[in-house]
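coordinates only, no sequence provided:
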């Protein structure tokens with residue numbers, strides 16, 4: 001009887017620890033997802049700025065090449 005009580009208490013502790021670790025795992029994943037979204041937003045804004053500058057430079061070069069001075 002005493003062994004069964006200890007075993008049951010041990011199982012309850014393991015279940016409690018598993019629940020706590022699951023909670024922290026979910027919180028950690030949420031933080032990582034938010035960080036990835038922020039990085040993607042930053043990448044998108046950089047890409048838009050870079051492409052607009054690139055096409056602006058290309059347009060200037062083509063215009064300069066086509067205009068006879």
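In hand now; what should we look at? Just so you know, these numbers come straight off a predicted model, no measurement behind them.

low pLDDT regions in this protein?
By pLDDT under 70, the weakly predicted segments of the chain are 1, 68-69.

at 80 what do you get?
Residues of the chain that meet the criterion pLDDT under 80 lie in 1, 64-69.

show me the helices in it, by range?
Applying DSSP state H to the chain gives helices spanning 2-66.

can you tell me how far the residue nearest to the spatial centre of the chain is from residue 42?
Residue closest to the mean C-alpha point of the chain, counted by CA atoms, centre = their mean, is residue 36 at 1.6 Å. Separation of residue 36 from residue 42 (CB to CB, to the nearest Å): 11 Å. Quick note: C-beta positions are derived from backbone N, CA and C, even for glycine.

now residue 11
To residue 42, residue 11 is 47 Å away according to CB to CB.

what does residue 66 give?
Distance check for residue 66 against residue 42: by CB to CB, it reads 36 Å.

and the two? Which one has more around it.
residue 42 (10 against 7; other CB atoms under 10 Å).
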